[in-house]
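*Asks:* Sequence below, structure please.
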Amino acid sequence: MKNEDIHLKYLVVNKNDLLWGLAVNSVGSQVVGPGKPYPPTGHPSRYLFSEERGRILNEFQVLYITEGQGVFRSASLHAPVPVTSGTMFILFPGEWHSYRPDPSTGWKEYWIGFEGPLAQDIAGKGFFSPEKPVFRLGLHDEIVNLYEEAIQVSSDQASGFQQRLMGIVGHLMGLAVYYNRQQVFSEVGDLINRAKILITRQYRTIRPEDIAQELSMGYSNFRRIFKEYTGFSPAKYIQEVRFARVKESLTNSTLPVKQIAYEHGFENYDYFFTAFRRITGMTPVAYRELTQGRKR
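*Replies:* Model (predicted):
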């Protein structure tokens, strides 16, 4: 492999670096041509592996394939997963894995490895899991530029470089979630946006079942997709919109509270009062006084 085809940096992590919650151990990129052995030589022994035997790491790694194709396997997957350009996959500490480019195409890969309690915490929240380690993101210059920046920062190692690398890792992980969701919901995004428009216009009276019917969808399927896309059930989203409008009216008008509640679709004032206090931690009157500057 030519020198210009591989760029790698392995870093020493100290205790102060880990106090930030995340520190980068390795970063790099490499081009593996068709028919070339994989992985290439030049990596420390703890990172080397054979495709048949695989390996287990003590860190997270995030790999992004920008050219070629191949396959990824891990202990938590039931079958090998095809990898194409625009695919990102995550290696988890303590998790057996193996991957390789297709000998007929080779591939170009970027990676960054890191450790720390912050990474463990994010994984523990369910945003990333060994059961779903592969993300179909498509090709994005924004992602490639972040990897290239990380390689440069690791080469320079200026004072505070680990904190800068931590920010790059956070950005990469955020983009992984963002672009993956765009791919997953590309076919239903327009439907969900239509549903949100219907709610915005008719939040006073509309029911979730009405929205599903308007979109020619079964209610159960609509509810599932809407919640996956927005993080709210349709009923909860409608309620959030109603209370947002109520707050605006309390702040920007002198109308009686009961009239405001009724005009925004709350026919049961006792329910409205209890729900408002649960959500905001104060009564509607107290909220009005606070936001109108009459309570200090």
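*Asks:* switch to C-alpha atoms for all contacts and neighbour counts from now on
*Replies:* Fine.
*Asks:* What is the least confident helix or strand in the chain?
*Replies:* Within the chain, no helix or strand scores below strand 6-10, which has a mean of 78 by mean pLDDT, DSSP states H and E.
*Asks:* can you pull the buried residues of the helix or strand harbouring residue 239?
*Replies:* In the assignment (DSSP states H and E), residue 239 maps to helix 234-252. Under the neighbour-count criterion of 16 or more other Cα atoms under 10 Å, helix 234-252 has 234, 237-239, 241-243, 245-247, 249-251 buried.
*Asks:* right, and the helix or strand after that helix?
*Replies:* Proceeding N to C from helix 234-252, the next assigned helix or strand is helix 257-263, under DSSP H and E.
*Asks:* For that next one, what is the distance to the chain centroid?
*Replies:* For helix 257-263, the separation from the chain centroid amounts to 39 Å (computed by Cα atoms, centre = their mean, to the nearest Å).
*Asks:* Show me what it packs onto, helices and strands only.
*Replies:* Packing contacts for helix 257-263, counted by 3 or more Cα pairs under 8 Å, 6 or more residues apart in numbering; DSSP states H and E, involve helix 234-252, helix 269-280.
*Asks:* what pLDDT, on average, does that helix get?
*Replies:* For helix 257-263, the mean per-residue pLDDT is 95.
*Asks:* Just the buried positions in it, please.
*Replies:* By neighbour count on 16+ other Cα under 10 Å, the buried set for helix 257-263 is 257, 258, 260, 261.
*Asks:* biggest strand in the chain, by residue count?
*Replies:* strand 60-74 (DSSP state E).
*Asks:* buried stuff in that one?
*Replies:* Neighbour-count burial for strand 60-74, counted by 16+ other Cα under 10 Å, picks out 60-70, 72-74.
*Asks:* hmm, back to that, now tabulate the helices and strands packed on helix 257-263 in JSON lines and tack on mean pLDDT and distance to residue 110.
*Replies:* Below are the helices and strands packed on helix 257-263 laid out as JSON lines (pLDDT from 0 to 100; distance: least, Cα to Cα, whole Å):
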{"stretch": "helix 234-252", "mean pLDDT": "95", "distance to residue 110": "39"}
{"stretch": "helix 269-280", "mean pLDDT": "94", "distance to residue 110": "45"}
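*Asks:* Please name whichever of those is nearest to residue 142.
*Replies:* Closest to residue 142 of the helices and strands packed on helix 257-263 is helix 234-252 (Cα to Cα; 31.8 Å).
*Asks:* who's in contact with the closest one?
*Replies:* Here helix 234-252 makes contact (Cα atoms under 8 Å, 6 or more residues apart in numbering) with 199-200, 203-204, 207-208, 223, 226-227, 255, 257, 260-261, 264-265, 276, 284, 287-288, 291-292.
*Asks:* repeat that for 7 Å
*Replies:* Helix 234-252 is contacted from outside by 199, 203, 208, 223, 226, 260, 261, 264, 288, 291, 292, using Cα atoms under 7 Å, 6 or more residues apart in numbering.
*Asks:* Repeat that for stretch 40-52.
*Replies:* Residues from elsewhere that reach stretch 40-52 (Cα under 7 Å, 6+ apart): 39, 55, 98, 99, 100.
*Asks:* same question, stretch 102-118
*Replies:* With contact meaning Cα under 7 Å, 6+ apart, stretch 102-118 is reached by 18, 21-35, 59-70, 101, 147.
*Asks:* what about it, start to end distance?
*Replies:* End-to-end distance of stretch 102-118: 34 Å, with Cα to Cα, to the nearest Å as the criterion.
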